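Chemist: Just need the structure, nothing else, for what follows:
(2 chains)
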Amino acid sequence: MKFAKKLMALSLAAVMAGSCLTGCGDSSSKSDGSGSSDGTIVIGGSGPLTGSAAQYGVAVKNAAQLAVDEINKDGGVNGVKFKLVFEDDEADPGDKAVNAYNALKDKGMQIMLGTVTTGSCLAVIDKTKQDNIFQITPSASAQDVIKNDNTFQVCFTDPNQGKASADYIADNNIAKKIAIIYDNSDAYSSGIYNTFKAEAAEKGLDIVTEQSFTKDSKTDFSAQITAAKSAEAELLFLPIYYQEASLILAQCKSADYSPKFFGCDGLDGILSVDNFDKSLAEGVMLLTPFAADASDDATQKFVKAYKEKYNNETPNQFAADAYDGIKIIAKLVEKEGIKADMSASEICDKLKKAISDGFKFDGLTGQGMTWSADGAVSKNPKAVVIKDGNYSAL
Amino acid sequence: MKKKLNPQTRKSFITYGLLMIVFIAVEILLSTGSISSMMQGLLVPICVYSILAVSLNLTVGILGELSLGQAGFMCVGAYASAIFSNLVKESITQPMIRFTLAILVGGVVAALFGIIIGIPVLRLRGDYLAIVTLAFGEIIKNVFAALYIGYDSAGLHISLKSQGDLGLKPDGKMIINGALGISGTPNDSTFEIAFVILFISVIIIYNFVHSRTGRAVMSIRDNRIAAESVGLNITKYKLITFALTAFLAGVAGTLYSHNFYSLQASKFDYNLSILILVFVVLGGIGNIRGSIIAAAVLTLLPELLRSINNYRMLFYAVILIVMMICTSNETIRSFFIRNFEKLKGLIFKKKSDGAAVKEAE
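Modeler: Numbers count the residues shown, from 1 in each chain, chains lettered A, B, ... in the order given. Take a look at the predicted model:
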């Protein structure tokens, strides 16, 4: 008994001491991103690897690693190889995001891919600004994320999705009379709504009715649906999340109203709603940057490689954004002739100029992506239609 | 040298001394630059969590009531002070003055909330009180998450609906942007200020506990009926303790909000309240020094464990369980104390045994 206790105390002490030592060892191994001598550029990634948002962070980490491995296998860019270090920020909007960022800095981060979630991103953008580190976020979509000149997005900014949706509907002549149902208590939804409305007016689309709901009344949509029906809308624009959209689809059916449905990336996931009759979603169009079963070569190659490497998991939109993020960095590094021994600040100055200066990128999440100096991406959105219970490219 | 010190005074001075030693050690490390940026980033949060833990220890340890609303008070303090700082950052450019005022604003507003919430809540006891404080914490968090505040030449605009609902003029500026929170708060928190505030908090708490009020509060904890029968005003003393706890939590919230560029209400969820309670329980209920040590260790631990990546949170939980068992189990504790004495005996051979025993206790 006594021996057992001693053993336990000893092992506990050993664990504590060990963790301290390894922790310190890691943190003291590199200085603050002043460049490395062994010919590799360190890309730091930050996202939730634990907690409720972990699936996003893990997808980003996996896809980023995949991209880095591919680049290194081909001998790197200009002989420069990449190394990905990824830290867990638990999607925390405060100190943990900053801790993860500081840990990355201790590991010699020269370029940052992150963070995955908007909340964490807002907590670190001013840190990267202060340290002058080039930051490109795969999936933090709020407008505020890119307020500094060193931060860029791979994904659409929330409000940009509205503009892109209106353009897509008008350019492809999908419908003329449009009804909108949106959540006015949600920043994402109302952001898209505002820009959609402005762009629709410009493009000559006729918005026959605008209906809203709030967080507290999101189960019964019969009033909104009746309004849309009596206004004879041909298309129902739904800039909302998939839970509410699944209810709207079901209630439209029972109201015997069958317009075309069009949504944004919030609808991505509608097919996996519990107890949802997938046939209802047949023909729903959504604007999402990535569909795993798209037929183009790049997507298929990526999906195949991802599945092979990670237990046959199908990559989602976050993974595709992250993969593009790394490839964007690689292309910029190639273009600017970045060397591994440059400091983070030097790299940042070059990259942030280069990305908004005629740089074009064809990736999984869009063709001909360009960036303005304010950090927002401009790319042709990919529209996806739900066919036979699957997402397929339109 | 041999003058007998009051054991309570002695205990508090040991704590002050330990704090000073840690402070000087950290300052030396900082000035020689031999401290990683992650550690530097953790210094202020450790102070913040320590203040939260010692202040919660007032309610949990001294008053003997379980409160799970600590994060709510921290949230009030953080938001109130951040709003204040954002409003005055152009008119008061001297950071010391602005931050001192912000700390007072954060603390006082949180204390007011403490009193407002305390009046109905403190009628309850035990589990009921814990659950109601938890609910209040959540209400506070959700209200701030839905709040939009902006100002322009016409004054302050407040809305609970949306940014557009504020009707700001073009020259207007957003202060709180709903769930996206506040950004652009001046970064006035430094380790030195945070440490001084921690030090002051500890002094306040030790002196409170050993004052007439503190003794009254403890008598309520130990035997409510007896305390009432000698004429103590239970509600008054409970409310004083609760308000003081809220005040210090608000001050900690101020330090927190001025340490980061952005502040979002979702940070202040019940997990944070429970984490602070864990600091208190692990450090020993009623033990001020223990709370600080527990807060520091448990804040550092998940960061130090980063090297084991995916198993980090698993290890953290396991270590937490082992630590809880080790600190609560009498036999294991006495084992540690015995060995600690042996070690001490080896180092200070000349000192008398009696002193060592007292020290260990």
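
Chemist: Residue A:332 versus the spatially closest residue to residue B:183 that is not a sequence neighbour, what's the distance?
Modeler: The shortest distance from residue B:183 to any non-neighbouring residue, by Cβ to Cβ, 6 or more residues apart in numbering or on different chains, is to residue B:262 (4.2 Å). To be clear about C-beta, it is placed using only N, CA and C from the backbone, and glycine gets the same treatment. In this view, residue B:262 and residue A:332 are 27 Å apart by Cβ to Cβ, to the nearest Å.

Chemist: Those two: which has the busier surroundings?
Modeler: More crowded of residue B:262 and residue A:332, by other Cβ atoms under 10 Å in any protein chain shown: residue B:262, with 26 against 23.

Chemist: Kindly list the main-chain dihedrals of the residue nearest to residue B:183?
Modeler: phi -130, psi 150 (degrees, to the nearest 10).

Chemist: Could you verify my assumption that it touches residue B:187?
Modeler: No - under the criterion of Cβ atoms under 8 Å, residue B:262 is not in contact with residue B:187, lying 11.0 Å apart.

Chemist: what about residue B:339, is that helix, strand or coil?
Modeler: helix (DSSP: H, G, I helix; E, B strand; the rest coil).

Chemist: Pass me the low-pLDDT residue ranges in chain A, would you?
Modeler: Within chain A, the set of residues satisfying pLDDT under 70 comprises A:1-38, A:185-187, A:215-216, A:269, A:272-274, A:394.

Chemist: Report the secondary structure element holding the residue most central in space within it.
Modeler: Taking Cα atoms, centre = their mean, the centroid of chain A lies closest to residue A:139, which sits 2.1 Å from it. Using DSSP states H and E, residue A:139 is not contained in any helix or strand.

Chemist: just checking, it touches residue A:320?
Modeler: No - counting by Cβ under 8 Å, residue A:139 stays clear of residue A:320, with 9.8 Å between them.

Chemist: pLDDT at the residue nearest to residue B:183, what is it?
Modeler: Residue B:262 is assigned a predicted lDDT (pLDDT) of 84.

Chemist: Same question for the one 5 residues further on.
Modeler: Reading off the per-residue confidence, residue B:267 sits at a pLDDT of 87.

Chemist: Residue B:232: what's it in contact with?
Modeler: By Cβ atoms under 8 Å, 6 or more residues apart in numbering or on different chains, the contact list for residue B:232 reads B:216, B:219-220.

Chemist: Among those, which lie within helices?
Modeler: B:216, B:219-220 (DSSP state H).

Chemist: thinking again about what came up before, ranking the contacts of residue B:232 by neighbours, who comes first?
Modeler: The most neighbours of any of the contacts of residue B:232, using other Cβ under 10 Å, belong to residue B:220, which has 23 neighbours.

Chemist: was I right about it contacting residue B:234?
Modeler: Yes - with contact defined as Cβ under 8 Å, residue B:220 reaches residue B:234; the gap is 5.8 Å.

Chemist: hey, what's in contact with both of those two?
Modeler: residue B:227.

Chemist: which stretches of chain B form strands?
Modeler: For chain B, applying DSSP state E gives strands covering B:148-152, B:155-159, B:173-177, B:182-183, B:262-263.

Chemist: Next one: the third one, is it in contact with chain A?
Modeler: Yes - using Cβ under 8 Å from any Cβ of the partner chain, a contact is recorded between strand B:173-177 and chain A, made by residue B:177.

Chemist: Within reach of chain A, which of the ones in helices among the contacts of residue B:232 are there?
Modeler: Counting by Cβ under 8 Å from any Cβ, no member of the ones in helices among the contacts of residue B:232 reaches chain A.

Chemist: check contacts around residue B:175.
Modeler: B:83, B:86-87, B:149-151, B:182.

Chemist: Which one of these is nearest to chain A?
Modeler: Lowest distance from chain A to the contacts of residue B:175 (Cβ to the nearest Cβ) belongs to residue B:182, with 10.0 Å.
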